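[1] Sharing a sequence plus its predicted fold:
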Amino acid sequence: MGDTGSLGLGGAVAGLAIMTKTEILLIILGGIFVIEALSVIIQVFSFQTFRKRVFLMAPIHHHFELKGWSETKIILRFWIVAVVFAAIGSPIYQQSR
């Protein structure tokens, strides 16, 4: 999709979350994106502070690639994680309505 499309979609989703006052819920529903961003933050902080890397490469999906996982395996595992986050976030949203 590229940066232009993903940034546009991400901005639209964030805007909808702000308009519906569900910003915290967005963190849960978008958990896989939060994990990806946190992996970069952790890697940069660790390397600048301790001169050691936590992951072989950040974001975390590249770490798994360097560990020898196939791209298909990574995608399927990330889908599973995303479904788990959606399963957690959906009842929370229903209760907050």
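    Cool, the structure landed. Residues are numbered from 1 along each chain as shown.
[2] Give the buried residues for the regular element (helix or strand) spanning Gly11.
    Element membership for Gly11 (DSSP states H and E) is helix 2-19. Judged by neighbour count using 16 or more other Cβ atoms under 10 Å, the buried positions of helix 2-19 are Ala17. Glycine gets a C-beta too; all of them are placed from N, C-alpha and C.
[3] So the residue nearest to Glu23 when sequence neighbours are not counted versus Phe64, what's the distance?
    Distances taken as Cβ to Cβ, 6 or more residues apart in numbering put Ala17 closest to Glu23, at 5.1 Å, once the chain neighbours are dropped. Between Ala17 and Phe64 the computed distance is 28 Å (Cβ to Cβ, to the nearest Å).
[4] thinking again about what came up before, avg pLDDT for the helix holding Gly11?
    Average pLDDT, helix 2-19: 88.
[5] which is the next helix or strand following it?
    Next in sequence after helix 2-19, counting helices and strands by DSSP H and E, comes helix 23-29.
[6] Quick check: Ile42 touching Lys52?
    No: Ile42 is beyond contact range of Lys52, at 11.4 Å (criterion: Cβ atoms under 8 Å).
[7] of the two, who's got more company?
    A side-by-side neighbour count of Ile42 and Lys52, using other Cβ atoms under 10 Å, places Ile42 first with 15 against 7.
[8] Quick one, grab the pLDDT at the most centrally placed residue in the chain.
    Most central in the chain under Cα atoms, centre = their mean is Phe33, positioned 1.5 Å from the mean C-alpha point. Looking at Phe33, its pLDDT reads 90.
[9] Quick check: closest non-adjacent residue to it.
    Of all residues not flanking Phe33 in the chain, Gly10 sits nearest, at 7.9 Å (Cβ to Cβ, 6+ apart).
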